[in-house]
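[1] coordinates only, sequence not included:
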């Protein structure tokens, strides 16, 4: 096996995943970020913390990209928060020169709208 790329949707546990990847250098790699299903209308204040954590994790050599997404089939009250976090993650990818691993639900029209 050349390597394994892993991700964990629970943002709070991604540091532990990154540590595990560091223990298995050359075998395990990860992407960091927030899956759109973690975003709801009540946790927008956490987004800056999530982005800061993603930025820190992006500095690790085992980090191959950042994770974000849009699921605009969910409650409309979550759409602004999802789009805001998506744009923040996209900007971080540009700053760190990392690819974006993108989860898009539905027919992809939400991606076209966000771009």
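    Nice, thanks for sending it over. Just so it is clear, the structure is predicted and the values come from calculations on it, not from any experiment.
[2] roughly how far apart are residue 62 and residue 44?
    29 Å (Cβ to Cβ, to the nearest Å). Glycine gets a C-beta too; all of them are placed from N, C-alpha and C.
[3] nope, residue 102 is what I meant
    20 Å.
[4] what's the helix or strand for residue 69?
    Per DSSP states H and E: residue 69 is located in strand 63-70.
[5] what are the pairing partners of that strand, and which direction each?
    strand 28-33 (parallel), strand 100-104 (parallel) (DSSP bridges).
[6] pLDDT of the last one, averaged?
    By that I understand strand 100-104. Strand 100-104 shows a mean pLDDT of 88.
[7] Show me the shaky parts of the chain.
    Scanning the chain for pLDDT under 70 picks out 1, 41-42, 107-115.
[8] so how far is the longest helix that it contains from its chain's centroid?
    For the chain, the longest helix by residue count, based on DSSP state H, is helix 79-96. Computed by Cα atoms, centre = their mean, to the nearest Å, the chain-centroid distance of helix 79-96 equals 9 Å.
[9] Give me the helices and strands touching that helix, please.
    The contact analysis (3 or more Cβ pairs under 8 Å, 6 or more residues apart in numbering; DSSP states H and E) places helix 79-96 against helix 46-58, strand 63-70, strand 100-104, helix 109-114.
[10] how big is the angle separating the shortest one from helix 79-96?
    This means strand 100-104. With axes from the mean of the first three to the mean of the last three Cα atoms, to 10 degrees applied, the angle from strand 100-104 to helix 79-96 works out at 160 degrees.
[11] Same check on the first one?
    Relative orientation of helix 46-58 and helix 79-96, computed by the same axes, to 10 degrees: 20 degrees.
[12] Off-centre distance for helix 46-58?
    9 Å.
[13] Report the buried residues of that helix.
    Across helix 46-58, burial judged by 16 or more other Cβ atoms under 10 Å covers 46, 47, 50, 51, 53, 54, 55, 57, 58.
[14] Please determine how far the first one is located from residue 90.
    Spatial separation of residue 46 from residue 90 under the definition Cβ to Cβ is 18 Å.
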